[in-house]
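Undergrad: This is the structure alone, sequence omitted:
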DNA sequence: AATGAATGAGTCTTCATTCAT
DNA sequence: CATGAATGAAGACTCATTCAT
């Protein structure tokens, strides 16, 4: 610890250049993966010099983490923009399930998950950032929705959050796992609907209000 | 002098040295991850020279693939060594569910999944090798068991395989996903039982024979 | 609009900002060494922008040189503020020797010497600046004092300056050299007195008036 | 601490290539200084690849330290190869003093000292290595010689080592210091002899046996 | 078959310096 | 006069891979 150390003062967290860099980083990281991407390429893709990147981000991981943080919201955002006119548990679940699965199987989403998992061991913060913003947050949002339905007497829940996770899991079949391992094709909308349909039926069989 | 001698063919696929190398590789890969492991370390851990590794394996990825192939069976093997005296769908599911989850949350298993996923994009064969031997094969085995129960009138299945995947998914809660992202601790036996219990109940509610 | 305004001449050599910069530079350079210090840190420590530094100083070395020049006097200044009542060669030498050695072994002084030496090859002017103001000037001052004593018949000198250097060297033992190489601790006052004592005795044995 | 860590096994400490590398390093380091020299240049000068250097030496400092260690002996070696026929304190001192000063003012020696001092703060081991092998060892060797003379009744010493350092210091005048700061020329043999002569006289005046 | 030795290409990161404002 | 922002160039170090033996 030296006495003359002061924080290096990162500029504007909202600057346009910052966004440029993240955009460039997205292109390169998604194309080559975290380890496969070089900061040189990122710089080129972002149209800035490598040194400039380090003005905005302290390291490759920090940049990647910012990217993850930045993209998390976008994905989960409209998962729960449910049409308020839907007054029907089944329709509601179906709607959410399809949104969820459609998002999950996007090639870019799969790649993001892959990268985060690959990096998670060495940089736990990245893993946590993604997990908190993704699965965790999504589970909580769904749990709230389910609770509301339960309060209306349409569902019988013991543990809201567990039920939420259960629903997401019920919809997945083997599709997501397969994509993560690079096996199988991105399922069609019809296939997704099939998976979700099965999930909804299982969920209602389990948690649907009896009588 | 045989005519095929000129080909620089790999030596004995079963040689002891080959196994030594894989053993060393396992130690290092599991410790440092695929990208974090250097061939130098592998060579040291295996007690052979780096050049020797390249006699047996064409590349780092090829070595890793061999490791995955070698270890695949071991994991899933005793998942289905069910006590034939169990004559009860619920007990059977509980037994399999606990075995499954216990295996899944082993730190080494998590690491393996992580590594495979990380490598899957650049080396699809590794992903497929793992997937076929793991989830895929496991699903089929469970599907067979479930079918037998259905034939005994204890379950009502439309799609055996889908039901099998459904069961595995139902047991996972958020535990495995969390570990993959480096969030949360390895669940205790009690917690696993809780997850599995919830899964079994959901499964029976969905697929249980209605009277 | 004066006619000389077009020249990009350095601003006020005495400006307060200039002093601020030198003060910041001192803190950083002494803390991290010349090569270890970055202009960023200097700027931060001085509370100005990096670009401003370049308004006042053409380069890192030039800034360092200004620092050396600025600090030179301060060190040697009170080396020769001898109490005029001291009417005794031995006491006089002892007094000066202790002052000299005490100054020499100050950690900051050692650091300064180190930095200057490190820079001297690539930037000879810095070396000369330091040398002239330090050893050289100190030698001349002492030489004058010695001459006065010689004129009083208390010393027998052939070469005043050589005698002056001789005295300083006689006092050093291995202490300063050790510190320069990072070996050994800063000597205590008692140890310094011992070194000086030995030096004074040697000097008087050599140059003392033989009755 | 990972479980698979093993020492990287540096090859032959005596290999010819190792010497090649040190030779290349010497050329570059002496030419550009420690910080000014790049490993690329060293590699080129040594006629090996950069990676090869790192097979033999763990880091730039380690290489530099090896260089210092390697060169230390050579310098001090023949300082004390005194003609056994010299049976005369004064002649002995004169002989050693001239050898000492001649070595000290060699441009390469000055450069080495400069580099070591410059580096000493960040890499104390280098400083210690040099100091132990140089000044320290030299002082001890001279102390032994002086003791022998004292035992013959030719000198009166209280502290052998202190006397040895004293002698070296007495010979230096301002010559070495000047060179270190890049001021003044390498002194001629005649000038050296003058410095040494003054030193010898001072030493004998101080420590000579008073009949 | 096995290896000791060597390497070319590439990694992330840092820094002194300069404009446009 | 002052600065925020940007950069070109360079640096230490690592690694998967390959020969000659």
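TA: Nice, thanks for sending it over. The structure displayed is predicted, hence computed values, not measured ones. Residues are numbered from 1 along each chain as shown, chains lettered A, B, ... in the order given.

Undergrad: For the least confident helix or strand in chain A by mean pLDDT, name the packing helices and strands.
TA: Scoring the helices and strands of chain A by mean pLDDT, DSSP states H and E places helix A:60-77 at the bottom, with a mean of 86. Helices and strands touching helix A:60-77, as assessed by 3 or more Cβ pairs under 8 Å, 6 or more residues apart in numbering or on different chains; DSSP states H and E, comprise helix A:16-32, helix A:107-120, helix A:124-131, helix A:137-151. All C-beta spots, glycine's among them, are computed from the backbone N, C-alpha and C.

Undergrad: at 6 Å what do you get?
TA: With contacts taken as 3 or more Cβ pairs under 6 Å, 6 or more residues apart in numbering or on different chains; DSSP states H and E, helix A:60-77 sits against helix A:16-32, helix A:124-131.

Undergrad: The residue nearest to the spatial centre of chain A: what's its closest spatial neighbour, skipping adjacent residues?
TA: By Cα atoms, centre = their mean, chain A has its centre lying nearest to residue A:134, at 4.2 Å. Closest residue to residue A:134 apart from its sequence neighbours, by Cβ to Cβ, 6 or more residues apart in numbering or on different chains: residue A:72 at 6.0 Å.

Undergrad: among the helices and strands packed on helix A:60-77, which is the most enclosed?
TA: Sort the helices and strands packed on helix A:60-77 by mean neighbour count, taking mean count of other Cβ atoms under 10 Å in any protein chain shown, and helix A:124-131 sits at the top with a mean of 21.

Undergrad: Residue A:34: neighbour count?
TA: The burial count assigned to residue A:34 is 21, neighbours taken as other Cβ atoms under 10 Å in any protein chain shown.

Undergrad: what does chain A put close to DNA strand E?
TA: A:37, A:38, A:39, A:40, A:50, A:51, A:54, A:58, A:59, A:60, A:61 (Cβ under 7 Å from any atom of the strand).

Undergrad: neighbours around the fifth one, how many?
TA: When you say that, I think you mean residue A:50. 14.

Undergrad: where's it relative to residue A:67, distance?
TA: Using Cβ to Cβ, to the nearest Å, we find residue A:50 at a distance of 17 Å from residue A:67.

Undergrad: how about the residues of chain A near DNA strand F?
TA: Within chain A, the residues that sit near DNA strand F (Cβ under 7 Å from any atom of the strand) are A:11, A:12, A:15, A:17, A:48, A:49, A:50, A:51, A:52, A:55.

Undergrad: Weed out the non-buried ones from those residues.
TA: Among the residues of chain A next to DNA strand F, those buried by neighbour count (16 or more other Cβ atoms under 10 Å in any protein chain shown) are A:17, A:48, A:55.

Undergrad: want to try TSV for those residues, with pLDDT and distance to residue C:167 as columns?
TA: Listed next are these as TSV, based on pLDDT from 0 to 100; distance: Cβ to Cβ, whole Å:
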residue	pLDDT	distance to residue C:167
A:17	89	63
A:48	94	61
A:55	93	54
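
Undergrad: need those residues in JSON lines with distance to chain D, can you?
TA: What follows is those, written out as JSON lines (distance: Cβ to the nearest Cβ, whole Å):
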{"residue": "A:17", "distance to chain D": "31"}
{"residue": "A:48", "distance to chain D": "26"}
{"residue": "A:55", "distance to chain D": "24"}
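
Undergrad: For the residue of chain A found nearest chain B, list the residues it contacts.
TA: In chain A, the residue that lies nearest chain B is residue A:118 (3.3 Å; Cβ to the nearest Cβ). Applying Cβ atoms under 6 Å, 6 or more residues apart in numbering or on different chains to residue A:118 gives the contacts residue B:118.

Undergrad: hmm, back to that, just the buried members of the residues of chain A next to DNA strand E?
TA: A:37, A:39, A:54, A:60.

Undergrad: Quick check: pLDDT value at the nearest residue to the last one once chain neighbours are set aside.
TA: Among residues not flanking residue A:60 along the chain, residue A:39 sits closest, at 6.1 Å (Cβ to Cβ, 6+ apart). According to the per-residue confidence, residue A:39 scores 95 in pLDDT.

Undergrad: Of the residues of chain A next to DNA strand F, which is the nearest to residue C:33?
TA: Nearest to residue C:33, judged by Cβ to Cβ, of those is residue A:51 at 23.1 Å.

Undergrad: Quickly find the element holding the closest one.
TA: Residue A:51 is part of helix A:50-56, with elements assigned from DSSP states H and E.

Undergrad: That helix - contacts with which helices or strands?
TA: For helix A:50-56, the packing partners by 3+ Cβ pairs under 6 Å, 6+ apart come out as helix A:16-32, helix A:39-46.

Undergrad: which other residues reach the least confident helix or strand of chain A?
TA: Contacts with helix A:60-77, where a contact means Cβ under 6 Å, 6+ apart, come from A:22, A:25-26, A:34, A:57, A:103, A:123, A:126, A:129-130, A:133-134, A:138.

Undergrad: Return the member of those residues nearest to chain C.
TA: Chain C has its nearest neighbour among the contacts of helix A:60-77 in residue A:57, at 16.2 Å by Cβ to the nearest Cβ.

Undergrad: ok, and the closest non-adjacent residue to the closest one?
TA: Leaving aside its chain neighbours, residue A:57 sits nearest to residue A:63 (4.0 Å; criterion: Cβ to Cβ, 6+ apart).

Undergrad: roughly how far apart are that neighbour and residue A:108?
TA: Computed as Cβ to Cβ, the residue A:63 to residue A:108 distance reads 17 Å.

Undergrad: How is chain A partitioned into domains?
TA: A:16-58, A:76-207 (automatic domain parsing).

Undergrad: Most widely separated two among the buried ones among the residues of chain A next to DNA strand E?
TA: Across those (Cβ to Cβ), the longest gap, 15.3 Å, separates A:37 and A:54.

Undergrad: Residue A:105: what's it in contact with?
TA: By Cβ under 6 Å, 6+ apart, residue A:105 lies in contact with A:186, A:187.

Undergrad: Pull the residues that contact stretch A:197-211.
TA: Outside stretch A:197-211, the residues that reach it (Cβ under 6 Å, 6+ apart) are A:93-94, A:97, A:153-157, A:163, A:167, A:170-171, B:202, B:205-206.

Undergrad: what ranges of chain A fall below the confidence cut-off?
TA: Confidence mapping of chain A against pLDDT under 70 gives the ranges A:1-14, A:211.

Undergrad: what does it put close to chain B?
TA: Contact residues, chain A versus chain B (Cβ under 6 Å from any Cβ of the partner chain): A:35, A:114, A:117-118, A:120-121, A:124, A:127-128, A:131, A:135, A:165, A:169, A:172-174, A:177, A:180-183, A:202, A:205-206.

Undergrad: Out of those, which end up buried?
TA: Among the residues of chain A next to chain B, the ones that count as buried by 16+ other Cβ under 10 Å are A:35, A:114, A:117-118, A:120-121, A:127-128, A:131, A:135, A:165, A:169, A:172-174, A:177, A:180-183, A:202, A:206.

Undergrad: Residue A:134 should be in a strand, yeah?
TA: No - checked against DSSP: H, G, I helix; E, B strand; the rest coil, residue A:134 lies outside a strand; its state is helix.

Undergrad: List phi and psi for residue A:208.
TA: phi -60, psi 150 (degrees, to the nearest 10).
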